[in-house]
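Trainee: Below: sequence and its predicted model.
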Amino acid sequence: MTGNFRFARVQLVFAMLLTALIFSSAPVYLNSEVQAATQNATGTPGLKGSPDFWQKIREGESGTVAGGNPGSGQLIQSEGEDWTQMRNGPISRYGSIALLVTVLALSLFYLLRGRITIDRGLSGWTVERFNNLERFGHWLLAGSFIILGLSGLNMLYGRFVLLPIMSPEAFAMLARIGKYLHNYLAFAFMIGLALVFIMWVKDNFPSLVDIKWLLRGGGIFTKGSHPPSKRFNAGQKIIFWLVILGGLSISLSGITLLFPFQTALFAKTFAILNGFGFDLPTQLTALQEQQLGQLWHNIASIFMICVILAHIYIGSVGMQGAFDAMGSGRVDLSWAKEHHNLWVEKLEKQGKLELRDADEEPEAKPQPAE
Ligand code: HEM
């Protein structure tokens, strides 16, 4: 045996010994980690590996960890699984059904009733319905809502609807852009919501005329029927309050998602609801607050999208002359008299009915008869 060969054998044995040492010490090291975790999770040294310990973890018992979000001390949270199943199950399913039914109902209404036209025909004279600030507020709210709605729907359904028809890279890019837009446009939506509330709340308190309007179905199902209405009819007042309250609720739950673990809105809301006979939990962990916030954000948003689809329909293709109110800000006098006669009468009485020729040629036709 040469000297070199002997030296190589010694090296090999040494290497094997070292490897054996490392492997045998690993469990000791890992064990001490588990033990530390055990003590952290239960506060009781020595429970490691016992069925009791794992059962406690499975039941969601929390320990403490240095740093991290509130709730990071909880290794298993079963409600998380419930939340995932709820989001990907009933919420996605019933949400898509609600959206589909709304679109189908509006299409059916259009097929049966057709476009609601101005019965007495265009007068050729216009009256101001919304000023610049009002239209700015409306379009800030509307524009942000539409982008928030589309990007939100992409988060819920994009992978089923868009991913099959585009490359994963393009979908990832779209989803990322959508997410940023969703986060930042939320603030534009809140400003628009506040503006619209301040500008229009005075015209949206219920009155007796609204009951009569509702009893006649707003006249939208019968040709030639025009129940009296002030500046906003009962249908619009309902939309207004749904937008304000629904928008507020979506905004608050959205803030919960934008700034995680900072709010406890559900525990407080449930406590109030329990005063009305409900029996809802008022002791919620920070993580449960987050999960409820996310679920509610989805439910309220899908409901609002359905409401707004109906609003967009009636404000555009569904009714002749309606879009002008938010387009140029001026509507035809015949439209105004048919849909908001009491408002026109009030303007007349106050001497504020300033008519303008639709073609900007006042001398071309005579002023309309009162
Ligand atoms: C393309 C989308 C939209 C169109 C074409 C549209 C059209 C209109 C029109 C024409 C009016 C005035 C109706 C009148 O003269 O009385 C109006 C009012 C209003 N819009 Fe929109 N809108 C759209 C989107 C939205 C969105 C997304 C929201 C809220 C999130 C919204 C909230 C409102 C509210 C609260 C009013 C006042 C109450 C009412 O008239 O119902 N709109 N919209």
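Mentor: All right, it came through fine.
Trainee: could you point out where the stretch 151-300 of the chain is predicted with low confidence?
Mentor: For the stretch 151-300 of the chain, no stretch is flagged by pLDDT under 70.
Trainee: List, one by one, the residues from it near the ligand.
Mentor: Listed as neighbours of the ligand in the stretch 151-300 of the chain under the rule CB under 6 Å from any ligand atom: Val196, Phe232, Gln236, Ile239, Phe240, Val243. Placement of C-beta: from N, CA and C, glycine included.
Trainee: just curious, which of those residues is nearest to Leu309?
Mentor: Nearest to Leu309 among these, counting by CB to CB, is Ile239 at 11.5 Å.
Trainee: what helix or strand is that closest one on?
Mentor: Ile239 is part of helix 234-258, with elements assigned from DSSP states H and E.
Trainee: Can you name the element that comes right after that helix?
Mentor: With elements assigned by DSSP H and E, the helix or strand that comes after helix 234-258 is helix 265-274.
Trainee: That following helix: what's the following helix or strand?
Mentor: helix 286-315.
Trainee: Could you identify the helix or strand that succeeds that next one?
Mentor: helix 324-327.
Trainee: what's the distance between that following helix and the middle of its chain?
Mentor: The chain centroid and the centroid of helix 324-327 are separated by 26 Å under CA atoms, centre = their mean, to the nearest Å.
Trainee: do that helix and the ligand meet at all?
Mentor: Yes. Judged by CB under 6 Å from any ligand atom, helix 324-327 comes into contact with the ligand at Ala325, Met326.
Trainee: Make residue 1 into 175 and carry on from there
Mentor: Taking 175 as the first residue, the last one we looked at is helix 498-501.
Trainee: what residues does that helix touch?
Mentor: Thr300, Arg303, Phe304, Arg309, His312, Trp313, Gly489, Arg504, Val505, Asp506, Trp509 (CB atoms under 8 Å, 6 or more residues apart in numbering).
Trainee: which parts of that helix are buried?
Mentor: Residues Asp498, Ala499, Met500 are the ones in helix 498-501 that count as buried (16 or more other CB atoms under 10 Å).
Trainee: Could you do stretch 240-254 as well?
Mentor: The neighbour-count check on stretch 240-254 (16+ other CB under 10 Å) flags Gly245, Gln248, Leu249, Gln251, Gly254 as buried.
Trainee: Excluding chain neighbours, what is closest to the fourth one?
Mentor: Right, Gln251. Leaving aside its sequence neighbours, Gln251 sits nearest to Gly234 (CB to CB, 6 or more residues apart in numbering; 5.5 Å).
Trainee: hang on, isn't the one you found packed against Gly247?
Mentor: No. Judged on CB atoms under 8 Å, Gly234 makes no contact with Gly247 at a distance of 10.7 Å.
Trainee: hmm, back to that, just the buried members of the contacts of helix 498-501?
Mentor: By neighbour count, with 16+ other CB under 10 Å, the contacts of helix 498-501 hold Thr300, Arg303, Phe304, Arg309, His312, Gly489, Arg504, Val505, Asp506, Trp509 as buried.
Trainee: and Leu389, how many residues sit next to it?
Mentor: Neighbourhood size, Leu389 [other CB atoms under 10 Å]: 10.
Trainee: Check Glu308 too.
Mentor: Neighbours of Glu308 (other CB under 10 Å): 18.
Trainee: what's near enough to touch it?
Mentor: Met373, Trp374, Gly503.
Trainee: Can you mark which positions in the strand or helix carrying it are buried?
Mentor: Under DSSP H and E, the secondary-structure element containing Glu308 is helix 306-335. If you call a residue buried by 16+ other CB under 10 Å, then helix 306-335 has these buried ones: 308-309, 311-312, 314-316, 318-319, 321-323, 325-328, 330, 332.
Trainee: circling back: got a pLDDT number for the residue nearest to Gln251?
Mentor: On the pLDDT scale, Gly234 is placed at 79.
Trainee: Find the nearest non-adjacent residue to Leu337, please.
Mentor: Computed as CB to CB, 6+ apart, the closest residue to Leu337 that is not its neighbour in sequence is Phe345, at 4.9 Å.
Trainee: Run the angle between the strand or helix carrying that neighbour and helix 306-335 for me.
Mentor: Assigned by DSSP H and E, Phe345 belongs to helix 342-374. Going by axes from the mean of the first three to the mean of the last three CA atoms, to 10 degrees, helix 342-374 is angled at 150 degrees with respect to helix 306-335.
Trainee: Run the chain-centre distance for whichever helix or strand comes after helix 342-374.
Mentor: Remark: after helix 342-374, the chain's next helix or strand is helix 382-389, criterion DSSP H and E. Centroid displacement of helix 382-389 relative to its chain, using CA atoms, centre = their mean, is 31 Å.
Trainee: Ok, stretch 425-437 next?
Mentor: Using CA atoms, centre = their mean, the mean C-alpha position of stretch 425-437 is found 12 Å from that of the whole chain.
Trainee: Which of the residues in that stretch are classified as buried?
Mentor: So for stretch 425-437, counting by 16+ other CB under 10 Å, buried means Ser425, Leu426, Ser427, Gly428, Ile429, Thr430, Pro434, Thr437.
Trainee: give the contact list for the third one.
Mentor: To tie it back to what came earlier, the one meant is Ser427. Per CB under 8 Å, 6+ apart, neighbours of Ser427: Leu439, Gly467, Gln468, Trp470, His471, Ala474.
Trainee: 6 Å - rerun?
Mentor: Ser427 sits next to Gly467, Trp470, His471 when contact means CB atoms under 6 Å, 6 or more residues apart in numbering.
Trainee: so which of the buried ones among the contacts of helix 498-501 are also by the ligand?
Mentor: Among the buried ones among the contacts of helix 498-501, proximity to the ligand is found for Arg303, His312, Gly489 (CB under 6 Å from any ligand atom).
Trainee: I'd like those as CSV, with pLDDT appended.
Mentor: Putting these into CSV (pLDDT from 0 to 100) gives the following:
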residue, pLDDT
Arg303, 98
His312, 98
Gly489, 97
